[in-house]
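A.B. asks: sharing a sequence plus its predicted fold:
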Amino acid sequence: MKKKELLMENPFIYGMATFGKWFTDREEDAKRLSANFIHGINTILISPRRWGKTSLVLKTAKQVSNKNLKIVNLDIFPCRSEEDFYHIFANEIIRQTSNKWEEWAENARQFLSALTPTISIGNDPVNDFSISFNISKKSLLKEDILNLPLKIAIKKKIRIVVCIDEFQQIIEFPDHKNFQKKLRSVWQLQAQHVSYCLYGSKKHLMYTLFSSQSMPFYKFGDVFFLQKIPVEYWIPFIQQRFEETGKLISSDLANKICQTVENHSSYVQQFSWLVWVKTEREATEIDFNDAYVDLLNQNSMLYHNYVEGLTSLQINFLHAVADGVHDRFSRKEIISKYKLGTSANISRMKKSLEQKELIDISAKIITFNDPVFRIWFKKSVAMF
């Protein structure tokens with residue numbers, strides 16, 4: 001019975017934050033992040049989507065959290081305005097720094113009294129607790145909300161780390177630059193009691209927020225760019241997950257999975273899962289090939305959406321990148337071979353495709369953000 005239960009367990013997780021035995025490596029990253037959390041260093045974490053940022057933050061938060069250090073996690077992806085941000089910020093700060101709903105209500109009334117908060121508690125206080133309030137145009141009331149973690153930290157004699165996912169979303173807010181100035185001016189005075197971990201998946205927007213001297217968050221904290229997990233960590237991880245569920249995979253086949261998807265964390269997990277599903281006892285080349293077809297098919301609708309709306313020049317540009325052209329696109333032979341028009345088009349296409357998150361530009365080297373999309377694109381999309 002026990003063996004049956006093990007065989008039923010999903011050995012790989014993708015499309016969501018991983019944890020426990022589903023999480024692999026990132027030891028040095030976790031060490032650095034832990035030190036920042038413990039010592040109150042603001043952190044800016046940047047990488048493309050689905051490389052494991054959220055998993056790393058949640059894992060580290062769990063490791064370092066204790067009675068004297070509280071970690072608050074919030075995701076502002078749903079926010080479309082400054083007011084949305086204040087509501088999520090206030091709700092999660094109070095919820096995650098309190099132990100029971102009576103304390104939540106007390107803290108809301110005490111620290112947000114000027115906003116006359118309305119507190120709603122459902123049948124399940126843990127999940128049905130919310131605070132609503134009206135924010136006037138007076139900046140002092142908004143500062144009350146931004147100072148909420150500081151007030152709670154001082155009252156409880158603890159330190160708080162506020163981790164905000166999809167932080168680049170604030171660029172979409174009306175008058176976003178003044179909002180950034182407001183956040184920076186308040187948060188930089190909280191350093192003794194509160195620090196921040198700001199991370200997001202739109203690399204070019206995060207880079208703009210934190211690396212441009214003209215932006216309010218320039219030099220706000222320790223900026224580090226998350227790297228891919230090396231293949232030497234992935235191979236034993238894949239083999240162990242197979243073995244723990246009563247199956248086997250060779251190191252060569254595990255390596256082939258990693259190489260095919262360029263060590264992209266989410267795809268390594270997804271591809272490994274598809275191979276595992278096909279495997280009876282020990283994974284074979286046939287299992288790999290069948291899983292490879294499934295991987296492309298499962299993502300094809302998403303990739304069709306990527307291509308819809310692209311111009312013929314943009315598609316031709318992507319073909320050049322897919323063929324291994326990563327720089328010096330203005331060369332006559334490249335423009336001629338891939339029908340890119342004129343050299344004046346190149347910078348416009350690069351900017352547009354980066355904003356669409358289809359390409360990554362690092363040190364002037366251009367690659368596909370999504371390695372499986374690159375494979376599908378070469379197979380499925382004709383050049384104009």
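C.D. replies: Received it, and whenever you're ready, just let me know what you need.
A.B. asks: next SSE downstream of the helix or strand of the chain with the lowest mean pLDDT?
C.D. replies: Across the helices and strands of the chain, mean confidence by mean pLDDT, DSSP states H and E is lowest for helix 2-8: a mean of 43. With elements assigned by DSSP states H and E, the helix or strand that comes after helix 2-8 is helix 27-39.
A.B. asks: hey, where'd the strands end up in the stretch 101-250 of the chain?
C.D. replies: 118-121, 129-132, 159-165, 194-200, 222-225 (DSSP state E, counting those that start in this stretch).
A.B. asks: any idea which of the ones you listed is most buried?
C.D. replies: Comparing the strands of the stretch 101-250 of the chain by mean neighbour count (mean count of other CB atoms under 10 Å), strand 194-200 comes out on top with a mean of 25. Quick note: C-beta positions are derived from backbone N, CA and C, even for glycine.
A.B. asks: could you dump that one to PDB, C-alpha only?
C.D. replies: Taking C-alpha atoms only, strand 194-200 is exported to PDB below (Å, rounded to 0.1, in the frame of the first residue of the first chain):
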ATOM      1  CA  VAL A 194      11.700  47.000   8.300                       C
ATOM      2  CA  SER A 195      13.300  45.900   5.100                       C
ATOM      3  CA  TYR A 196      11.900  45.100   1.700                       C
ATOM      4  CA  CYS A 197      12.400  42.300  -0.900                       C
ATOM      5  CA  LEU A 198      11.100  43.500  -4.200                       C
ATOM      6  CA  TYR A 199      11.000  41.100  -7.100                       C
ATOM      7  CA  GLY A 200       9.300  40.700 -10.500                       C
END
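A.B. asks: counting contacts, what elements does it pack onto?
C.D. replies: helix 27-39, strand 43-46, helix 53-64, helix 148-156, strand 159-165, helix 203-211 (3 or more CB pairs under 8 Å, 6 or more residues apart in numbering; DSSP states H and E).
A.B. asks: for the first one, which outside residues touch it?
C.D. replies: Contacts to helix 27-39, defined as CB atoms under 8 Å, 6 or more residues apart in numbering, come from residues 41-43, 45, 56-57, 59-61, 63-64, 69, 71, 161, 195, 197, 221-222, 224, 226.
A.B. asks: show the contacting residues for the closest residue to L205 other than its chain neighbours.
C.D. replies: Leaving aside its sequence neighbours, L205 sits nearest to Q168 (CB to CB, 6 or more residues apart in numbering; 3.9 Å). Contact partners of Q168, counting by CB under 8 Å, 6+ apart, are 200-202, 205-206, 209.
A.B. asks: buried ones in the helix ranked longest in the chain?
C.D. replies: Ranked by residue count, the top helix of the chain under DSSP state H comes out as helix 285-307. For helix 285-307, the neighbour count (16 or more other CB atoms under 10 Å) marks 287-288, 291-292, 294-295, 299, 303, 306-307 as buried.
A.B. asks: repeat for stretch 145-160
C.D. replies: Neighbour-count burial for stretch 145-160, counted by 16+ other CB under 10 Å, picks out 145-153, 156, 158-160.
A.B. asks: same question, stretch 328-340
C.D. replies: 329, 334-335, 338, 340.
A.B. asks: which two in these are spaced the farthest apart?
C.D. replies: Using CB to CB, the buried residues of stretch 328-340 span at most 8.4 Å, a distance reached by F329 and Y338.
A.B. asks: let me see the confidence value for T24.
C.D. replies: Note for T24: predicted pLDDT of 61.
A.B. asks: low pLDDT regions in the protein?
C.D. replies: Low-confidence segments of the chain (pLDDT under 70): 1-9, 16-25, 101, 124-128, 136-140.
A.B. asks: what are the contacting residues of stretch 316-326?
C.D. replies: Contacts for stretch 316-326 (CB under 8 Å, 6+ apart): 310, 329, 334, 337-340, 346, 349-350, 353, 358-359, 365-368, 374, 377-378, 381, 383-384.
A.B. asks: let's go with 6 Å and repeat that
C.D. replies: Stretch 316-326 is contacted from outside by 334, 338-340, 349, 365-366, 374, 377-378, 383-384, using CB atoms under 6 Å, 6 or more residues apart in numbering.
A.B. asks: just checking the distance from it to the centre of its chain.
C.D. replies: 26 Å (CA atoms, centre = their mean, to the nearest Å).
A.B. asks: ok, and for it, which residues are buried?
C.D. replies: 316-322, 325.
A.B. asks: one more: stretch 210-226?
C.D. replies: Counting neighbours by 16+ other CB under 10 Å, one finds that the buried residues in stretch 210-226 are 210, 215-217, 220-221, 223-224, 226.
A.B. asks: okay, now the domains of the chain?
C.D. replies: For the chain, automatic domain parsing gives the domain ranges 2-15+229-304, 26-225, 309-380.
A.B. asks: centre of the chain to the second one, how far?
C.D. replies: Spelled out, it's domain 26-225. Computed by CA atoms, centre = their mean, the separation of domain 26-225 from the middle of its chain amounts to 15 Å.
A.B. asks: next: the shortest one.
C.D. replies: The chain centroid and the centroid of domain 309-380 are separated by 24 Å under CA atoms, centre = their mean.
A.B. asks: quick one: N73 is in a strand?
C.D. replies: Yes: when DSSP: H, G, I helix; E, B strand; the rest coil is applied, N73 is found to be in a strand.
A.B. asks: got the contact list for the closest residue to it other than its chain neighbours?
C.D. replies: Closest residue to N73 apart from its sequence neighbours, by CB to CB, 6+ apart: C163 at 4.8 Å. The contact partners of C163, by CB under 6 Å, 6+ apart, come to 57, 73, 197.
A.B. asks: run the last query once more with 10 Å
C.D. replies: 33, 37, 43, 45, 54, 57-58, 60-61, 71-75, 92, 195-199 (CB atoms under 10 Å, 6 or more residues apart in numbering).
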